[in-house]
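Participant: sequence below, structure please.
(one chain, ligands or ions: 1)
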Amino acid sequence: MGIKILEIDQITKEFEKDLKNTATSAEVDSLNIKYLGKQGKINHLFKILPVKTDPQIGKAINDFKSIVQDKLSTKLSEVLDSAEQDTFDVTVPGFEKPLGSLHLVSQTIKEIETIFQKLGFVRRRYPEVETDWYYAEGLNIPKDHPARDDQETFYVGDNTVLTAHTSNGQLREMELKKSPPIKMINIGKTYRRQIDATHTPMFHQFEGLVIDKGINITHLLGVTEYFAKSYFGQDRRTRLRPHHFQFTEPSFEIDITCGVCQGTGMMHQIPCKVCKSGWLELGGAGMVHPNVLRNGGLNPDECSGFAFGWGVERILMMKSGLPDLRLIYSDDIRFLKQF
Ligand code: PHE
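Facilitator: From the prediction side, this is the model:
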């Protein structure tokens, strides 16, 4: 608390009384002059009180001055508000509030979810900060295996990562369900140390996992075709290319026909600029490795399964023809408004 000074006390009381009797902006203006003006009461206090010999007095006047300033500006907005209310014309049409919309990544996730739900897949979301076991070791990637270098992983501790893929969801789903049938679609955020026109450090993947008695590659093919035709269009076709993943055997890369050249690889007699000879890469897939089934608590002699992990932003770019993935996360309203 500051010190008490008789003169300041008196002016404070006078000011409070004046303030109470103020109802218009013109009256607020005159209080401004009366207290804060050059010849005003506050400047007068500075003249008559011994501010030079006692710095506490100067401080007390300045404190009072800022209270006066605050109260006058509050009062001014109050009287202006009530003046506005007095003249409010209820017949004037209101302003239309601009409506937002779902971000296009959310829209794509919804679309993916709907397509797989029709096939009986259950939507899941598993951890994005994950232990080494679910993320790698349990997926048949031992600690010293060179496959660990494939993915540009962010480590957040010796044993903890930001997931570079959604495949950790495979083991978690097996643990949760304990026995077949399993049919899940795990959609979540993934992270990699990469940034360019087609990669952002954070992106999304959707991971499918189907396990039951007698599941084979034709089931994988059927689901892939169904997804490609539902999401991209009935005229699209898919193919498998042999590949390698530690957690699937055999492993594949799945391609889909290019929508620009209709899979011909040629546009106006020159090679198509969008694809490689008619095909675009969708992502990895394969038959779940017996070691992974075992690590998930299942018996590979009794059941088998397939899995795939594809990029949400990737299919969005493939369908929309977006030239640069970074646009999606730019927050540029002119861009986002188009979707
Ligand atoms: N996890 C792999 C990737 O991120 C994709 C994949 C998922 C491959 C499931 C096979 C089975 O590239």
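Participant: C-alpha from now on. contacts and neighbour counts both.
Facilitator: OK.
Participant: kindly state the domain boundaries assigned to the protein.
Facilitator: Per the record, the chain has its domains at 2-87, 104-336, by automatic domain parsing.
Participant: so which of those domains is the most packed in?
Facilitator: For those, the largest average neighbour count (mean count of other Cα atoms under 10 Å) is found in domain 104-336, namely a mean of 18.
Participant: enumerate every residue touching T238.
Facilitator: Residues touching T238, when contacts are defined by Cα atoms under 8 Å, 6 or more residues apart in numbering, comprise 224-225, 228, 254-257.
Participant: adding mean pLDDT and distance to the ligand, write the domains of the chain out as TSV.
Facilitator: TSV is the format used below for the domains of the chain (pLDDT from 0 to 100; distance: least, Cα to the nearest ligand atom, whole Å):
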stretch	mean pLDDT	distance to the ligand
domain 2-87	89	58
domain 104-336	94	4
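Participant: would you list the ones you listed in TSV and tack on distance to E96?
Facilitator: Supplementary listing: the domains of the chain in TSV, determined by distance: least, Cα to Cα, whole Å:
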stretch	distance to E96
domain 2-87	20
domain 104-336	18
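Participant: need the contacts of T238 in TSV (columns: secondary structure and distance to K4).
Facilitator: Converted to TSV, these look like this (DSSP: H, G, I helix; E, B strand; the rest coil; distance: Cα to Cα, whole Å):
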residue	secondary structure	distance to K4
T224	helix	82
E225	helix	85
A228	helix	81
I254	strand	82
D255	strand	83
I256	strand	83
T257	strand	85
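Participant: looking at those residues, which is nearest E175?
Facilitator: Comparing these against E175 with Cα to Cα places T224 closest, at 25.2 Å.
Participant: for that closest one, give me its contacts.
Facilitator: T224 is in contact with T238, counting by Cα under 8 Å, 6+ apart.
Participant: now it: how far from A285?
Facilitator: Relative to A285, T224 is positioned 10 Å away (criterion: Cα to Cα, to the nearest Å).
Participant: what segments of the stretch 51-200 of the chain are strands?
Facilitator: Ranges of strands within the stretch 51-200 of the chain are 122-124, 129-131, 154-155, 160-162, 182-191, based on DSSP state E, counting those that start in this stretch.
Participant: next SSE downstream of the last one?
Facilitator: In other words, strand 182-191. Moving toward the C-terminus from strand 182-191, the next helix or strand (DSSP states H and E) is strand 202-212.
Participant: and that following strand, which strands flank it?
Facilitator: strand 182-191 (antiparallel), strand 304-311 (antiparallel) (DSSP bridges).
Participant: redo the ones you listed as TSV? Include distance to P98.
Facilitator: What follows is the strands paired with strand 202-212, written out as TSV (distance: least, Cα to Cα, whole Å):
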stretch	distance to P98
strand 182-191	29
strand 304-311	31
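Participant: so which of those strands gets nearest A197?
Facilitator: For those, proximity to A197 was assessed by Cα to Cα; strand 304-311 is nearest, at 14.7 Å.
Participant: and the contacts of the helix or strand just after that closest one?
Facilitator: Once strand 304-311 ends, the next helix or strand along the chain (criterion: DSSP H and E) is helix 312-320. Applying Cα under 8 Å, 6+ apart, the contact partners of helix 312-320 are 105, 108-109, 198, 203-206, 232, 259, 280, 282, 323, 325.
Participant: switch to 7 Å and redo it
Facilitator: With Cα atoms under 7 Å, 6 or more residues apart in numbering as the test, helix 312-320 has contacts from 105, 108-109, 203-206, 232.
Participant: can you give me the offset of the next helix or strand after that helix from its chain's centre?
Facilitator: Using DSSP H and E, the helix or strand that follows helix 312-320 in sequence is helix 333-336. Average the C-alpha atoms of helix 333-336, do the same for its chain, and the two points are 16 Å apart (Cα atoms, centre = their mean, to the nearest Å).
Participant: kindly report the same for stretch 316-335.
Facilitator: Using Cα atoms, centre = their mean, we find the averaged C-alpha position of stretch 316-335 to lie 14 Å away from the chain's own average C-alpha position.
Participant: just the terminal-to-terminal distance for that stretch.
Facilitator: Between the opening and closing residues of stretch 316-335 we find a distance of 15 Å, counting by Cα to Cα.
Participant: check stretch 226-241 too.
Facilitator: Using Cα to Cα, the end-to-end distance of stretch 226-241 comes to 18 Å.
Participant: try stretch 118-135
Facilitator: Start-to-end span of stretch 118-135 (Cα to Cα) is 29 Å.
Participant: how far does it sit from its chain's centre?
Facilitator: Centroid separation for stretch 118-135 versus its chain: 18 Å, with Cα atoms, centre = their mean.
Participant: now do stretch 219-227
Facilitator: Stretch 219-227 sits 29 Å away from the centroid of its parent chain (Cα atoms, centre = their mean).
Participant: renumber starting at 44 from here on
Facilitator: Sure, I'll start numbering at 44, so the last one becomes stretch 262-270.
Participant: quick check: R369 touching A240?
Facilitator: Yes: judged on Cα atoms under 7 Å, R369 makes contact with A240 at a distance of 6.4 Å.
Participant: and the contacts of stretch 54-73?
Facilitator: The set of residues external to stretch 54-73 that reach it, using Cα under 7 Å, 6+ apart, is 115, 119, 122-123.
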